[in-house]
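Novice: build me a structure from this.
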Amino acid sequence: MSKNILFVVEGERTEPRFLKRLVTVMRTYKDYKVFSYSANIYRMLEGMFINREIDEDLDFLEYLRSCRGQTDPDKVLDMEFSDIFLFFDMDPQDQKYDPEKLRKAVLYFNDSTENGKLYINYPMMESFRHISNPEDLSFLDVMVQRDQIPRYKERVAREGTPELSDISKVSESMMLRVITLNLLKATLMITGKPEMPTADLFREEITQSNILSEELRSLSGNDELFVLNTCVFNTIDYNSQRFFEKMNNKGSDDIS
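Specialist: Residues are numbered from 1 along each chain as shown. This next block holds a predicted model:
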């Protein structure tokens, strides 16, 4: 049975453009729709909670329809979808930042076929460009202080490789490298080892909930975040077995 995929993204430009290139070069979904929420995750979550808990009776698509305003001119939300994916930034500098709501959100949005699957980027979507040298592992050490986040895009423009500056021209091999480096970094955060995980380890341990816990721990202890883009993991979730078989066939020398 064919799948009808919905991507709910934070912005109207960066996320849709990145998503289009990701889906194209990694050859994942043929049919999908994009709904740009046009506000950050804390604005989206505001109406979903009752007494600090997500409303048990909430129908997420219906909720989106109720607050779409003029952001859905093509009536995308009036369609039926088999899977829903969400791409949002952590934005801990935002006045409405609420770590407990984030924890509950990643637990609620943990299945694309039910409520949806949430991918959070740290500190924001532009983290996919924050790779100075794709040929080494220096990205694994890149952090950002909370007070630097308002100027983070400027830092990315200075430090990111020119090969990622125009997302429409990013090749399959470069996109695969971006995915690999972010995967190695997430694995390092959770297991302490910068190694390519197995499909089982990725599914069971490299979860959005565990990643968020590590980011919150770092933010609480050092007031800094691991720069990490998790929306690229959507490619792995599309067919994790195929992804890890491909990486194993490439050999370890190609990913480290």
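Novice: only C-alpha atoms for contact and neighbour calcs from this point on.
Specialist: Fine.
Novice: need the contact partners of the longest helix seen in the chain.
Specialist: In the chain, taking DSSP state H as the definition, the longest helix is helix 172-191. Contacts of helix 172-191 with the rest of the structure, by Cα atoms under 8 Å, 6 or more residues apart in numbering, involve 22, 25-26, 128, 134, 137, 139-140, 193-197, 205-206, 210-211, 214, 228-230, 232-233, 255.
Novice: buried ones in the helix-or-strand element of the chain with minimal mean pLDDT?
Specialist: Among the helices and strands of the chain, helix 240-250 carries the lowest confidence by mean pLDDT, DSSP states H and E, at a mean of 79. Buried residues in helix 240-250, counted by 16 or more other Cα atoms under 10 Å: 240, 243, 244.
Novice: distance to residue 118 added to these, as JSON lines?
Specialist: Compiled in JSON lines, those are given as follows (distance: Cα to Cα, whole Å):
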{"residue": "240", "distance to residue 118": "17"}
{"residue": "243", "distance to residue 118": "20"}
{"residue": "244", "distance to residue 118": "22"}
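Novice: quick one: which of these is nearest residue 155?
Specialist: Residue 155 has its nearest neighbour among the buried residues of helix 240-250 in residue 243, at 31.1 Å by Cα to Cα.
Novice: quick check: what element follows the helix or strand hosting residue 104 along the chain?
Specialist: Using DSSP states H and E, residue 104 sits in helix 99-108. From helix 99-108 onward toward the C-terminus, using DSSP H and E, the following helix or strand is strand 110-111.
Novice: which other helices and strands contact the helix or strand just after that following strand?
Specialist: Going down the chain from strand 110-111, the next helix or strand is strand 116-121, by DSSP H and E. Contacts defined by 3 or more Cα pairs under 8 Å, 6 or more residues apart in numbering; DSSP states H and E place strand 116-121 against strand 83-89, helix 99-108, strand 110-111, helix 208-222.
Novice: pairing partners for the helix or strand following strand 116-121, with directions?
Specialist: Sequence-wise, the next helix or strand downstream of strand 116-121 (DSSP H and E) is strand 143-145. The pairing partners recorded for strand 143-145 under DSSP bridges are strand 224-226 (antiparallel).
Novice: what about the stretch 151-256 of the chain, any weak spots by pLDDT?
Specialist: For the stretch 151-256 of the chain, applying pLDDT under 70 flags the ranges 250-256.
Novice: now with 80, please.
Specialist: Scanning the stretch 151-256 of the chain for pLDDT under 80 picks out 246-256.
Novice: got the confidence number for the residue lying closest to residue 167 once chain neighbours are set aside?
Specialist: Of all residues not flanking residue 167 in the chain, residue 18 sits nearest, at 6.2 Å (Cα to Cα, 6 or more residues apart in numbering). As predicted, residue 18 sits at a pLDDT of 96.
Novice: ok so, going back, quick one: buried ones out of the contacts of helix 172-191?
Specialist: The buried subset of the contacts of helix 172-191 - by 16+ other Cα under 10 Å - is 22, 128, 134, 137, 139-140, 194-197, 205-206, 210-211, 214, 228-230, 232-233, 255.
Novice: that older thread, buried ones in the helix or strand that comes right after the longest helix of the chain, by neighbour count?
Specialist: The first helix or strand that comes after helix 172-191 along the chain, using DSSP H and E, is helix 199-204. By neighbour count on 16+ other Cα under 10 Å, the buried set for helix 199-204 is 199, 202.
Novice: now do helix 199-204: which elements does it pack against?
Specialist: Partner elements for helix 199-204 (3+ Cα pairs under 8 Å, 6+ apart): helix 240-250.
Novice: tell me the SS of residue 94?
Specialist: coil (DSSP: H, G, I helix; E, B strand; the rest coil).
Novice: burial measure for it, as a count.
Specialist: A count of nearby residues for residue 94, using other Cα atoms under 10 Å, gives 12.
Novice: same deal with residue 107?
Specialist: The number of residues near residue 107, taken as other Cα under 10 Å, comes to 15.
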